[in-house]
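Asks: Compute the structure for the input listed below.
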Amino acid sequence: MTFAEILFWILMALVFYVFIGYGILVSMFVLVKSVFRSDIKKVTGDLPNVTMFIAAYNEKDYAEAKTRNCFDLDYPVEKLEIIWVTDGSDDGTDQILKQIKGITVLHEPERNGKIAAMNRGMAFVHSPIVIFSDANTFLNREAVRNIVQAFQDPHVGCVSGEKRISGKTKDNAAGTGEGLYWKYESFLKKNDALLYSAVGAAGELFAIRTELFKEVEKDTLLDDFMISMRIVASGYKIAYTPDAFATETASASVKDEMKRKIRISAGGIQSVVRLRQLLNPFRYFVFSWQFISRKVLRWLFVPFALPALFAINFIILIDKGFYQHGIYQVIMSLQVLFYLMAIFGWILRDSKISFKILFLPYYIFIMNYAVFPGLIRYFRGKQSVNWERAKRAS
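Replies: Residues are numbered from 1 along each chain as shown. Model prediction:
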């Protein structure tokens with residue numbers, strides 16, 4: 001076996017592990033653990049006070065609807081405070097909200113980024129639990145009760161809800177790809193949490209024990225990820241509660257989704273650097289393995305491994321002969337098929353067709369491609385902390 005073949009199979013094994021193998025392993029470990037796991041006791045007695053915290057920038061189109069959604073939640077109104085932080089908004093979001101009774105609106109004209117707004121707003125939170133949610137997402141009625149339930153475990157410092165993509169907006173490439181991706185991501189998060197801890201929380205809906213909040217650097221790109229992961233670094237776990245979910249529409253187009261992915265990629269690299277202590281398996285044990293498998297390899301390895309696999313596969317076929325080694329022919333054919341499907345997904349990206357399976361390869365491709373401009377922006381320091389939300393389909 002040549003060096004090229006050895007390298008090829010190493011890369012192949014790692015890519016398979018990241019996308020499929022890890023999920024299989026975690027599922028097996030969870031199955032074994034379930035034999036010994038005891039159920040968490042249900043909440044008894046008085047429910048705790050909770051704060052719904054919404055940091056928003058120019059969200060006038062969602063402000064009233066989001067507030068109504070919060071009022072409709074199945075939780076005692078006297079125990080649920082709603083805080084909006086609208087720093088920097090210049091579209092009248094704060095004026096719309098100030099007309100609504102029963103909520104707190106914090107506003108400063110300067111725009112310093114979402115994390116600066118969160119750091120400032122947390123000084124006004126006095127409840128033991130604070131729930132963060134995006135302005136353009138809508139929660140199921142039982143969301144708060146189900147989140148509070150997870151905090152019955154004293155080892156849980158953060159609870160991540162589930163992100164769902166609205167079924168009405170999943171006909172284009174961004175919607176279909178994002179929807180399928182988050183279904184698989186939710187499956188992994190559920191098993192991660194059952195095994196030990198979820199690896200980060202999604203900003204659409206997550207909660208923490210207020211006492212565990214620590215101000216995050218103002219240049220942080222992934223505020224939700226950093227806040228939740230630093231709670232793990234403090235010795236707590238992140239629970240995952242799919243029965244508490246936030247629904248939002250998909251990105252209006254792949255172009256808008258690409259902007260979001262580039263920011264996430266730059267933020268992912270920044271997060272790995274700042275959370276490098278979590279890579280120590282002698283201190284964090286299982287979670288270190290989860291972090292490396294779920295985030296580090298996906299952000300920093302797979303985007304480089306995929307084109308390398310294609311190139312090495314091609315070199316091997318040239319060296320050995322295109323018609324001499326069946327296994328390499330099969331793998332090359334599968335790779336070509338994947339990229340052809342991604343190309344057709346790009347061609348049909350704004351159309352509503354029944355062959356939605358084409359959009360998954362396309363979404364996977366842009367998700368990995370986004371790492372390269374994200375990497376450049378991170379090292380050049382060009383990624384702004386000011387959040388430019390991807391446009392969402394109506």
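Asks: any idea how far residue 362 is from residue 118?
Replies: Distance, residue 362 to residue 118, using C-beta to C-beta, to the nearest Å: 33 Å. Using the backbone N, CA and C atoms, a C-beta is placed for each residue, glycine as well.
Asks: How about residue 68?
Replies: When residue 68 is compared with residue 118 (using C-beta to C-beta), they lie 23 Å apart.
Asks: These two: which has the busier surroundings?
Replies: Higher neighbour count among residue 68 and residue 118: residue 118, with 21 against 11, using other C-beta atoms under 10 Å.
Asks: Regarding the nearest residue to residue 274 once chain neighbours are set aside, what is its secondary structure?
Replies: Closest residue in space to residue 274, ignoring its immediate chain neighbours: residue 226 at 6.9 Å, by C-beta to C-beta, 6 or more residues apart in numbering. Secondary structure, DSSP: H, G, I helix; E, B strand; the rest coil: residue 226 is helix.
Asks: For residue 226, the count of nearby residues, please.
Replies: 21.
Asks: Okay, now the unreliable bits of the stretch 151-300 of the chain?
Replies: The model of the stretch 151-300 of the chain has pLDDT under 70 over residues 167-179, 250-254.
Asks: 50 instead?
Replies: The model of the stretch 151-300 of the chain has no residue with pLDDT under 50.
Asks: Just the strands from it, written as ranges.
Replies: 156-165, 205-209, 237-248 (DSSP state E, counting those that start in this stretch).
Asks: List the pairing partners of the second one within its sheet, with orientation.
Replies: With DSSP bridges as the test, strand 205-209 is paired with strand 129-133 (antiparallel), strand 156-165 (antiparallel).
Asks: Enumerate every residue touching the nearest residue to residue 305 once chain neighbours are set aside.
Replies: Of all residues not flanking residue 305 in the chain, residue 11 sits nearest, at 4.9 Å (C-beta to C-beta, 6+ apart). Going by C-beta atoms under 8 Å, 6 or more residues apart in numbering, residue 11 touches 305, 308, 309, 312.
Asks: Among the residues you listed, give me the pair with the biggest separation.
Replies: 305 and 312 (9.9 Å; C-beta to C-beta).
Asks: how much space between the residue nearest the centre of the chain and residue 209?
Replies: Centroid-nearest residue in the chain, with C-alpha atoms, centre = their mean: residue 202, separated by 4.4 Å. Look at residue 202 and residue 209: by C-beta to C-beta, they are 18 Å apart.
Asks: tell me the pLDDT at residue 378?
Replies: Per-residue pLDDT puts residue 378 at 87.
Asks: right, and residue 122 touches residue 213 too?
Replies: Yes: between residue 122 and residue 213 there is a contact under C-beta atoms under 8 Å: 5.5 Å.
Asks: intersection of neighbour lists for those two?
Replies: Counting by C-beta under 8 Å, 6+ apart, the residues touching both residue 122 and residue 213 are residue 130.
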